[in-house]
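Asker: sequence first, predicted model second:
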Amino acid sequence: MKSSTANLPTLPLASAVMRWPALIVLLLSVIVRRDANAFQTSFPKQHHNSVFASGDKVIGSVNRLLLQPRRLSSYSTSSSQLFGKQDGEDSEESTPEDMSISDDDTNDNNGGEGNMFTTKVWPTLKIALPSFLVGGVATLCFLFLPLLSDYYDAFSGNAGNFYGGESTSKVANSDGGSSKSNINNVNQPVILFETILNDLNDAYVDDVDIQKLFETGVKAMTASLDPYTEFESRTEAAELEESVTGRYGGVGLVIRGGTNLADASDDIALEPIDTSSSAPSPSTNNKKQPKNAFKKPPVAVKDADDEEELDIIERKRARRKSMEEGVRVASAFEGYAYDAGMRVGDKLLAVDDFEITPTTAVDEVRNHLRGEPGTEVQIKFLREGVGGKVNEPQTITLKRAVVHIPDVKYFGFVGDPHDGIGYIDLSGFASETGREVRYAIKALQHGAELLSMKDGETFKTDGDGNFVHDPTKLKGLVLDLRSNPGGLLTSAVDVSTLFVPNGSDIVSAKGRGFPETLYRSKTDPILSPNTRLAVLVNEQTASAAEIVTGAIQDHDVGVVVGKGRTYGKGLVQNVQDLPYQTALKYTVAKYYTPSGRCIQSTVYEEGGRGDDLLASPEERGRARYKSKKVADKDRKVFYTAHGREVKDGGGVEVDYKVEPDKASPLEVILLSSGTYSDYAAEWSKTHELTDKFRVDEATYKDFQRFVEKKQADGELKLEVFYDSQLKELSKKLKASKFDSSKRVLDSLRADIIKDVKKDFKTYKPEIMEDLEQNILARYLPDSMLIEHGLAKDVQVTATAKMLKDGKEFDKILARDNNSVQERVQEGLLSSIAGDSSIETASAMKIEPKLQTRWDH
C-alpha cells in the first residue's frame, strides 16, 4: 500500500537536506582559512623580546608592530603564537603614512575599553568562532546524516521490505537482480513508527489520542517478549517506584471503589428483566436518571437467552452496585490511619474540599489522600452503626507522613510459646526487608530467652556487666513465603545473609548485556545453628522469594515445606527511568542458586503477529510472547552441600510435603465476589464484636440466606466458573436451532448451582472460618488477623510440629560427606553447570564453604 501523498513532496527536500551540511562545512573551511591567513603576521624575535622585556616600552613596541604592513609570514607561525598575542591587530591594512603617530594617539588607543576589545578579544573570536562552528556542524553531520539517509531511503522507494524478505515491489539492480531489505537497524523502525503516528494523527477519520496510541503500540511490543517486560506510564511508574521502595506520602489507607464509573457509554438507566412479557415497571434504581430516560416506555429484554443483552445488563447492575457502595476503606495500616480511628468499611464522603460523588473514581480519591509528608488532610466519612442505623458523618484530621509498608506482616510464636517455635510472615522484598527480618529474628530470640527463664532467674552478664543473650533458646523458626511475589534482588540477598554461613555464595546473575555478578555473604548469620529453620512455600512463591528459598536449600541450613514446587521465576528485571516520568521494566539476566541451577520453569521466546498458526484470528492479531514449560527430561541434576539431589528448570521443589486445606469452589466464589465482606458489613449493623466472638450456627444459617438472596437477585452467580463455557455453548445451540439440546443445557446450569450449594454442608468448618475472618477484619488490624488464623492453618501447624520433634528435620538434612567427595572426584559437580562458567564456579566452590555452617 502506498504511503500518504503528503509525504511525496518531501523527497526532493530530503535529498537537499542530505547535501547542505557538506556545503556548509566547505564554506566555513574556506572562511577559516582566509581569516587565519589574514591574521598571520611575521614577528621577528627581537620584537617579541622588547614586548615582554621592558615595562614602559611595551605599549609602544606593540603599537609599532601593529602598524607594520600585514604580509604572509616567510616562516610558519605556530598556533600558540597566533592565540598568544598580547594585543590585537587592525582589520585594515596600514599605509606608510600610518607609521607616524603621536604619543597621545597611542595612549588614547590603549586606554579605551573599545580599543581593548578590538585589539585583544575580537581577533581571537574571529578565529575561534568559525572553528567552533565548523566542529559543531561536522559533529551534527556525523550524528544525523545516517538518520537523514534512512529518512531519504524510506521515502524515496529505495528501501526494501521491512520484514527482511523480498519486497512486494521489487526494484531491479544493475545486475538484473532485486534489492533486498536493508532495514535492519533501530533508526528505520523508529521512522516507520513515527510516520504511522503522524498519518493517524493527521488523517484518521476521527480524533485520536496519540499518547494512548503510543502506549498501546509500545505495550504490545514489550508483550511480545515475556510477561515481565513492560512499559510503565507515568502513573504505573510511580506505583512501581512505590512497590520497590515500600514508601509513599499519605495517611496509610487502602481504599476500594469503581474505576470507570463516569464512563458515558454506560450512562443509561438499568431496566429490569421481565421474562414473563408483562409491562415493565420503571427502575427502582435510586441513581439520578437522565432527563430523557423514560420519554418512551422502557424496552424489556424480549429473549432472556440473548446473551449479549444479558451481559450488558449485568455490567450495568455491577456499575449500579459500585455507585451505591461508593469509595470505602479496604484496609487501615497500623501506626497510621488505623491508630487514628479509621476502620475497614468506612465510606468516604469528602477529602478536604473534594466531595466524593457516586461517579468518583477511586484513583481520584487516592490522589487527594496522598501528598507532601507533614501536611494535614481532613476526611469526612460514614460508619454504619449498631441497630441498623447509620451514624452521622464523622470528620477526622490526619497528618500525612512517609508511610512505610512493612513486608513482615507478623512475627510471633506458634503453638505453645514455651516450645520456642517462632514464625515470620514475609509478604514481599522491598528496600527495608532485610532490616525487618533481622529485627523479627532478634525479637523472637529475645522472647524465647525470656520464656525459658525460671522464676527469679535473670539474664547472664559478662565481666563488663553487659547482658549475654542466648540465641539457642529459639528452637525453631518458620519463615512463611507463601504467595510472596518477590521484589528486589538485593533485598533477597540481605535476607539470605541472615541464614547462610559467612562467605557463602547466595545467588549469581548473568545476561547478554548484564555483567556477570556473584552475590556472597560477608557477615555471620544471626540464626543459631541449633535453631531449626523451615521455609514454607506454595506455587505462588516467586522471584526474590525463590532466591532465598534456593540459597537455604542449597546450603542445607533449612528445610523447604509445602505442597509441591514454587512458581519458577529465574529472571531478573531492570527498571530504567525514561523521559516524561515514565519507565521501562525489562528482563536483563537469569539468576542461579548457589548449586548452579536456574529455577526458571518457562522458556520465553520473542513472538509476534501471526506466529502461532493454530491460534484464532483474534489471537494472531495480538502480539504475544511464545512460551513452553521445561520438560522433566530436560531438567538437570544438581547437589546441595550435603549431597542431596535438586533439579533446575521447575522452581524449587519442597523437601517436606504438607498438603494445604483444599478450597472448595463455593469458597472461592464467595471470596472473589466479595460476598463475605458484604455480609460482614450487614452483620456489623446489628451486632457488636465481643472478646469471645465466634461464628455460631445461627450466624451461619443467616449467611446462607444472604447468599441465596444475592443469587436470586442476580447479584451472585454460583455457576461463575463454568459461565463462559455455558454461554458459548448456548450461542452455538441457538444458532443451530437445537432447542431440545438447549433445554438440556439449562438443566445442566441448574444442576451445577445445586452442586455448588452442597458445599455449604461439605465445607462448613472452612466457610465458617472464612466468614469469621472477614467479620473480624472490620475491627482488627492485619497482624491480629494473621495471628488469629495461624491456629487453624494446617501447614503451619504441621511445620511447627516437625521442627519441635526434630527427627524428620535431621533426617532430611543428614550430612553425607563421603558421597559429596565421591561426586566431586567423579566430576559430577562440574557437569551440572552446563555451558555457564558462573554455574561451574559456584558449584565447585560451594561444598567446602558449606561445611562451616556446622563447625560450631
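Answerer: Alright, I've got the coordinates.
Asker: so which elements touch the host helix or strand of residue 751?
Answerer: Element membership for residue 751 (DSSP states H and E) is helix 739-757. Packed against helix 739-757 by the contact rule (3 or more CB pairs under 8 Å, 6 or more residues apart in numbering; DSSP states H and E) you find helix 665-672, helix 720-735. Just so you know, the C-beta spots here come from the backbone N, C-alpha and C atoms, and that holds for glycine as well.
Asker: can you lay out those helices as CSV showing mean neighbour count?
Answerer: Shown next, in CSV, are the helices and strands packed on helix 739-757 (neighbours: other CB atoms under 10 Å):
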stretch, mean neighbour count
helix 665-672, 17
helix 720-735, 14
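Asker: re earlier: tell me which residues in the helix or strand following the helix holding residue 751 are buried?
Answerer: Toward the C-terminus, helix 739-757 is succeeded by helix 759-762 as the next helix or strand (DSSP H and E). The neighbour-count check on helix 759-762 (16 or more other CB atoms under 10 Å) flags 759, 760 as buried.
Asker: worst average pLDDT in the helices and strands packed on helix 739-757?
Answerer: Lowest mean pLDDT of the helices and strands packed on helix 739-757: helix 720-735, a mean of 84.
Asker: re earlier: pull out the buried positions in the helix holding residue 751.
Answerer: 742, 745, 749, 752, 756.
Asker: how about stretch 239-259?
Answerer: Quick answer for stretch 239-259 (16+ other CB under 10 Å): 241-242, 246-253, 255-258.
Asker: now do stretch 550-569
Answerer: In stretch 550-569, counting by 16+ other CB under 10 Å, buried: 550-562, 565-569.
Asker: among the residues you listed, which lie within helices?
Answerer: Judged by DSSP state H, helices contain the following of the buried residues of stretch 550-569: 550, 551, 552, 553, 554.
Asker: quick one: these as JSON lines, columns for pLDDT too.
Answerer: As requested, those are exported to JSON lines (pLDDT from 0 to 100):
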{"residue": "550", "pLDDT": "97"}
{"residue": "551", "pLDDT": "97"}
{"residue": "552", "pLDDT": "97"}
{"residue": "553", "pLDDT": "97"}
{"residue": "554", "pLDDT": "97"}
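Asker: switch these over to a markdown table; also include distance to residue 447.
Answerer: Listed next are those as a markdown table, based on distance: CB to CB, whole Å:
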| residue | distance to residue 447 |
| --- | --- |
| 550 | 29 |
| 551 | 26 |
| 552 | 23 |
| 553 | 27 |
| 554 | 30 |
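Asker: identify the residues contacting residue 343.
Answerer: Taking CB atoms under 8 Å, 6 or more residues apart in numbering, we find residue 343 in contact with 329, 332, 383, 778, 779.
Asker: and the lengthiest strand in the chain, what does it pack against?
Answerer: When every strand of the chain is counted residue by residue (DSSP state E), the longest turns out to be strand 582-592. In terms of contacts (3+ CB pairs under 8 Å, 6+ apart), strand 582-592 is packed against strand 230-232, helix 234-245, strand 505-510, strand 571-578, helix 837-850.
Asker: what's the burial count for the nearest residue to residue 531 once chain neighbours are set aside?
Answerer: Counting by CB to CB, 6 or more residues apart in numbering, residue 531 lies nearest to residue 474, which is 5.0 Å off, once chain neighbours are set aside. For residue 474, the tally of surrounding residues (other CB atoms under 10 Å) stands at 26.
Asker: quick one: pLDDT of residue 718?
Answerer: On pLDDT, residue 718 comes in at 91.
Asker: next, the buried residues of the one helix or strand residue 397 maps to.
Answerer: Using DSSP H and E, the element containing residue 397 is strand 394-399. Residues of strand 394-399 classed as buried: residue 398 (neighbour count, 16+ other CB under 10 Å).
Asker: give the pairing partners of it; include direction for each.
Answerer: strand 376-382 (antiparallel) (DSSP bridges).
Asker: which residues does the strand it pairs with contact?
Answerer: By CB under 8 Å, 6+ apart, strand 376-382 touches 251, 329, 342, 346-352, 368-369, 371, 390-391, 393-400.
Asker: out of the helices and strands packed on helix 739-757, flag the one nearest residue 703.
Answerer: With CB to CB as the criterion, residue 703 lies closest to helix 665-672 of those, at 9.2 Å.
Asker: only alpha carbons, please: show that closest one as CSV.
Answerer: Provided in CSV are the C-alpha atoms of helix 665-672 (Å, rounded to 0.1, in the frame of the first residue of the first chain):
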residue,chain,number,x,y,z
PRO,A,665,-15.5,-23.9,44.5
LEU,A,666,-18.1,-22.2,46.7
GLU,A,667,-15.4,-20.7,49.0
VAL,A,668,-13.5,-19.3,46.0
ILE,A,669,-16.7,-17.8,44.5
LEU,A,670,-17.8,-16.2,47.8
LEU,A,671,-14.3,-14.7,48.3
SER,A,672,-13.7,-13.4,44.8
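Asker: mind listing residues that contact that helix?
Answerer: So helix 665-672 is contacted by 675-676, 707, 716-718, 720-721, 756-757, 759-760, 763, 766-767, 770 (CB under 8 Å, 6+ apart).
Asker: again, only this time at 6 Å
Answerer: If you take CB atoms under 6 Å, 6 or more residues apart in numbering as the criterion, helix 665-672 is touched by 676, 720, 756, 759.
Asker: could you check the angle it makes with helix 739-757?
Answerer: 80 degrees (axes from the mean of the first three to the mean of the last three CA atoms, to 10 degrees).
Asker: following element in sequence after helix 665-672, please.
Answerer: Helix 665-672 is succeeded, C-terminally, by helix 675-686 (DSSP H and E).
Asker: mind checking what helix or strand follows that following helix in sequence?
Answerer: From helix 675-686, the next helix or strand downstream (DSSP H and E) is helix 697-712.
Asker: coming back round to it: can I get the helices and strands packed on helix 739-757 in TSV with distance to residue 130?
Answerer: Shown next, in TSV, are those (distance: least, CB to CB, whole Å):
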stretch	distance to residue 130
helix 665-672	73
helix 720-735	73
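Asker: relative to residue 799, which of those is closest?
Answerer: Residue 799 lies closest, by CB to CB, to one member of the helices and strands packed on helix 739-757: helix 665-672, at 22.7 Å.
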